[in-house]
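A.B. asks: quick one: sequence plus predicted model below, questions after.
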Amino acid sequence: MERTATREPVGGAIHLWRVWLDQPPQRLTRLFDVLDDAERLRAARLARLSDRIRFAVAHAALREILGSYAGVPASDLHFAEARNGKPVLDGSGPHFSLSHSDGIALVAVAADRAVGVDVERVSRDRDLDAVARRYFGADELGWINAGGESSRAERFFRLWTCKESCLKVDGLGLRALETIRIRPDPRDRPRTCGWGLTEIAPGPSYVATVAARGAPPALRVATWHHNNTRIDMVIAP
Ligand SMILES: CC(C)(COP(=O)(O)OP(=O)(O)OC[C@H]1O[C@@H](n2cnc3c(N)ncnc32)[C@H](O)[C@@H]1OP(=O)(O)O)[C@@H](O)C(=O)NCCC(=O)NCCS
């Protein structure tokens, strides 16, 4: 991977790496080589070949990205588990968070604070009403419905990523989801007590949120390509 100026997150900015998971078959062997036995075993347990490949690409990319910050080969990284299975680097290295949904993964990297990212594909296939009633409060349900039918699914998934990204900052379990309340501000930007949230649309039909303690984080967004890195955009909260 090209080592660019993105290697050191500065000024509290969070680096957000976008990874497209459907990679050409000729790249897969080299990617899979960096995984450890536990990752290969987890991939092998997935029923569908496409899911096994996506899992492996996401974890290989995570290793390459973190290795470039830590200054060690991707295959030399070791992970440990913190609270509720939150993965952390065993040894020195940046804070990070991984999320994947269908064909995309996001990796958030921060130098100085815990970070959480969640990405979801906006889908109308699922019974969103039942999930919303289970996890969302009346004010949140009101906001989801306020834009009418055309924006309901997108608003549902925006709120969902806001909540899940907060959980992932602190390694909380899904049980805590209903205790986090999101209140969009007058400019329709989500706010919540305790965490700063920055939203991004990482691709067509995908929504995502990056969360950290304190103010909404500024993001520097890049797309990961095996052996090649491109900086795309900078997002100020
Ligand atoms: C973390 C969690 C919210 C992820 O939800 P998800 O939308 O299904 O998946 P995402 O792709 O967004 O994130 C998965 C990644 O988050 C990370 N992760 C796992 N547990 C985590 C935690 N507790 N905190 C932060 N990150 C976590 C891992 O990197 C994981 O990637 P992997 O499965 O490929 O190794 C969910 O799995 C969870 O709550 N786990 C905690 C276990 C728990 O509390 N179980 C009881 C349920 S009530």
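C.D. replies: Looks like it arrived, so ask away.
A.B. asks: point me to the residue of this structure nearest the ligand.
C.D. replies: Gly173 (2.2 Å; CB to the nearest ligand atom). To be clear about C-beta, it is placed using only N, CA and C from the backbone, and glycine gets the same treatment.
A.B. asks: what's the distance between that residue and Gly85?
C.D. replies: 9 Å (CB to CB, to the nearest Å).
A.B. asks: compare those two and say which is more crowded by neighbours.
C.D. replies: Gly173 (11 against 8; other CB atoms under 10 Å).
A.B. asks: wait, that one sits on Glu164?
C.D. replies: No - using CB atoms under 8 Å as the test, Gly173 is too far from Glu164 to be in contact (11.1 Å).
A.B. asks: joint contacts of the two?
C.D. replies: The contact sets of Gly173 and Glu164 do not overlap (CB atoms under 8 Å, 6 or more residues apart in numbering).
A.B. asks: returning to what we had before: ok, and the closest non-adjacent residue to the residue of the chain closest to the ligand?
C.D. replies: The shortest distance from Gly173 to any non-neighbouring residue, by CB to CB, 6 or more residues apart in numbering, is to Asn84 (4.6 Å).
A.B. asks: I figured that neighbour was touching Lys168, is that so?
C.D. replies: No - using CB under 8 Å, Asn84 makes no contact with Lys168, being 9.6 Å away.
A.B. asks: please say which of the two ends up with more neighbours.
C.D. replies: Higher neighbour count among Asn84 and Lys168: Lys168, with 23 against 14, using other CB under 10 Å.
A.B. asks: contacting residues for the residue nearest to Gly203 when sequence neighbours are not counted?
C.D. replies: Once flanking residues are discounted, Gly203 sits nearest to Ile104: 5.7 Å by CB to CB, 6+ apart. Ile104 makes contacts with Arg18, Val19, Trp20, Leu21, Val119, Arg121, Pro202, Gly203, Tyr206, as judged by CB under 8 Å, 6+ apart.
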